[in-house]
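>>> any chance you could fold what I've pasted below:
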Amino acid sequence: MSYQTLNAACIVETLLRLEHRIGERFPGSSLAAVCRELIGMAETVQQRSVAIASPHYVLRAALFLVIAAGLAGLLFVAFKVNVQVGTVEIFSVFQGVEAAMNIVVLSGAMLFFLVSLETRIKRRRSLSDLHRFRSIAHVIDMHQLTKDPSTILGGGTPTASSPKRTMSRFELTRYLNYCSEMLSLSNKLAALYAQHLPDPVIIDAVNDIEDLTTNLCNKIWQKITILDTGRAL
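As a prediction, this is how the structure comes out:
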């Protein structure tokens, strides 16, 4: 086993264990359902990230055809040019050079288009998948949004519109910790795309997801710290 790259199978195994932990601690909770959704995404992310990073053979074939056509055009022009001394022959040489330059420019433009097209296709597919991890990170954050430690430490009177808070201090700490773990694992799944396709745009998108999940985890750990401080007091 390599310890220099992320292993999707190990991430899935960790998520399955996390789902069992959430289900055993909070049976029937929606957080467990979110974890199952994340597991479904994780089970396909390895195949999808590898498939996206693999060569697009149709475009590669078109690329070779363009190169072959360009070389054939240059050879045709070279054989047609008459290099004998004379006014007409020199004029023919100039025409041949101009034709060769046109072939080179057109072939280069076509090559650039095909190469950039493959990159754009891979980027679009990767960014579409990465958007799902950004969305589920916000879903996880919504689940911890109402888990306020002040309701346990402060003992305030709830209003009619207050959400039901039945967790003990220990249960609330575990719930917040589960949310933090799910955010961290979401980030690791997103990082698989940058691992298989080290494109600058994809790396920036993965870094944005990492920043998002890190900031959300910091909010969660602030709550956990408040709970631990209150327990110490």
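>>> name the residues that touch the helix or strand hosting residue 51?
Residue 51 is part of helix 30-53 when elements are defined by DSSP states H and E. Outside helix 30-53, the residues within contact range by CB atoms under 8 Å, 6 or more residues apart in numbering are 8-9, 11-12, 15-16, 18-19, 22-23, 26, 122, 125-126, 129, 132-133, 136, 139-140, 143, 175, 178-179, 182, 185-186, 189, 192-193, 195-197. C-beta here means a position set from N, CA and C on the backbone, and glycine is covered the same way.
>>> again, only using 7 Å
Helix 30-53 is contacted by residues 8, 11-12, 15-16, 18-19, 22-23, 26, 122, 125-126, 129, 132, 136, 139-140, 143, 178, 182, 185-186, 189, 192-193, 196-197 when judged by CB atoms under 7 Å, 6 or more residues apart in numbering.
>>> again, but for stretch 185-200
Applying CB under 7 Å, 6+ apart, the set of residues contacting stretch 185-200 from outside is 5-6, 8, 11, 14-15, 38, 41-42, 45-46, 49-50, 52-53, 119, 122-123, 126, 129-130, 133, 136-137, 202-203, 206, 209-210, 213.
>>> report the buried members of these.
Neighbour-count burial within these applies to 8, 11, 14-15, 38, 41-42, 45-46, 49, 52-53, 122-123, 126, 129-130, 133, 136-137, 202, 206, 209-210, 213; the criterion is 16 or more other CB atoms under 10 Å.
>>> burial count for residue 177?
Close neighbours of residue 177, defined as other CB atoms under 10 Å, add up to 14.
>>> and the closest residue to it other than its chain neighbours, what does it touch?
With CB to CB, 6 or more residues apart in numbering as the measure, residue 224 is the residue that lies nearest to residue 177, at 6.7 Å, once sequence neighbours are left out. By CB under 7 Å, 6+ apart, the contact list for residue 224 reads 173, 176-177.
>>> for residue 18, see how far away residue 224 is.
Between residue 224 and residue 18 the distance, using CB to CB, to the nearest Å, works out to 17 Å.
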